[in-house]
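[1] Here is the input, now give the coordinates:
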Amino acid sequence: MGEVTLAPGGGVGCDNTGVGLYRDEAVVLRTQKLGEADRIVSLLTRHHGRVRAVAKGVRRTTSRFGSRLEPFMHVDLQLAQGRSLDVVTQAETLAPYGQPICSDYRLYTTGTAMLETAERLVVEEHEPSVQQFLLLVGGLRVLAARDHDAGLVLDSFLLRSMAVAGYAPSFADCARCGAEGPHRSFSPAHGGMLCGSCRMPGTATPAPETVRLLAGLLVGDWSVADPSDDRHRREANGLVAAYVQWHLERGLRSLAHLDR
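    Take a look at the predicted model:
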């Protein structure tokens, strides 16, 4: 696992003369072309939150640097602070999740939804979001290892990411009045399960097994999730997607490509 070093420099939107360097671990969220040989890399870092940086020369065929800065890769980076975009000056692979995830279409579409969710939930650049970072790294690790069904991994990640962002759903007590459950009605708009008194027109009525599955996914209880039936997984899929898209206000584009 070698290390590649680039000299800090300018580039489009960058002025790094006399600025400091910092080091952090990161997950690559997405990339976009810049000029003839460079890329802008969107990262979720452990200590600096969401960062956009220029990776110089990574599109050249002789570059050993580029493969380390592809989506899903978990890397250790050194960056030079820039005026608008930082510059990647060193990169070392910590975990190459890209290869196993990109080799399987279902894993790839699932992982893409996880990356998009993380980027959407960490809004401000350079604002630390350690819990979201750790959750993403753990989710990609489990997905790449195929330890659990990809759909279950995604739904667990989505629910837990929403909880970290302050949108934790309730699958036990009533989300409106706090009345002790179990309850039968589910409303994305009101934060989860609703009691009979708080139930609104148009709320869903998931099976009790589906509610138990959702509660297990929220806390990462795989002893509940793994043996669940397909029909309850499908119902949970729909409720999780509805919950996430309601609270994000704008749907996740990657969910449309999932085979769910």
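
[2] How much space separates T210 from T110?
    Taking CB to CB, to the nearest Å as the measure, T210 falls 20 Å from T110. Using the backbone N, CA and C atoms, a C-beta is placed for each residue, glycine as well.

[3] Pick out whichever of the two has more residues nearby.
    T110 (27 against 24; other CB atoms under 10 Å).

[4] didn't the more buried one look like it was pressed against H148?
    No. Using CB atoms under 8 Å, T110 makes no contact with H148, being 11.1 Å away.

[5] and the longest helix anywhere in the chain, how far from the chain's centre?
    In the chain, assigned by DSSP state H, the helix with the most residues is helix 230-248. Centroid separation for helix 230-248 versus its chain: 16 Å, with CA atoms, centre = their mean, to the nearest Å.

[6] which outside residues touch that helix?
    Helix 230-248 has contacts (CB atoms under 8 Å, 6 or more residues apart in numbering) with 117, 120-121, 149, 151-152, 155, 158-159, 162, 167, 169, 186, 188-189, 192, 204, 206-207, 209-210, 213-214, 217, 228, 251-252, 255, 260.

[7] Domain map for the protein?
    4-96, 100-255 (automatic domain parsing).

[8] hey, least reliable of those by pLDDT?
    Lowest mean pLDDT within these: domain 4-96, at a mean of 82.

[9] gap between it and the chain center?
    With CA atoms, centre = their mean as the basis, domain 4-96 stands 19 Å off its chain's centre.

[10] mind listing the strands for the stretch 51-200 of the chain?
    In the stretch 51-200 of the chain, the segments counted as strands under DSSP state E, counting those that start in this stretch are 74-80, 86-95, 185-187, 192-194.

[11] which strands and helices sit next to the last one?
    This means strand 192-194. strand 185-187 (3 or more CB pairs under 8 Å, 6 or more residues apart in numbering; DSSP states H and E).
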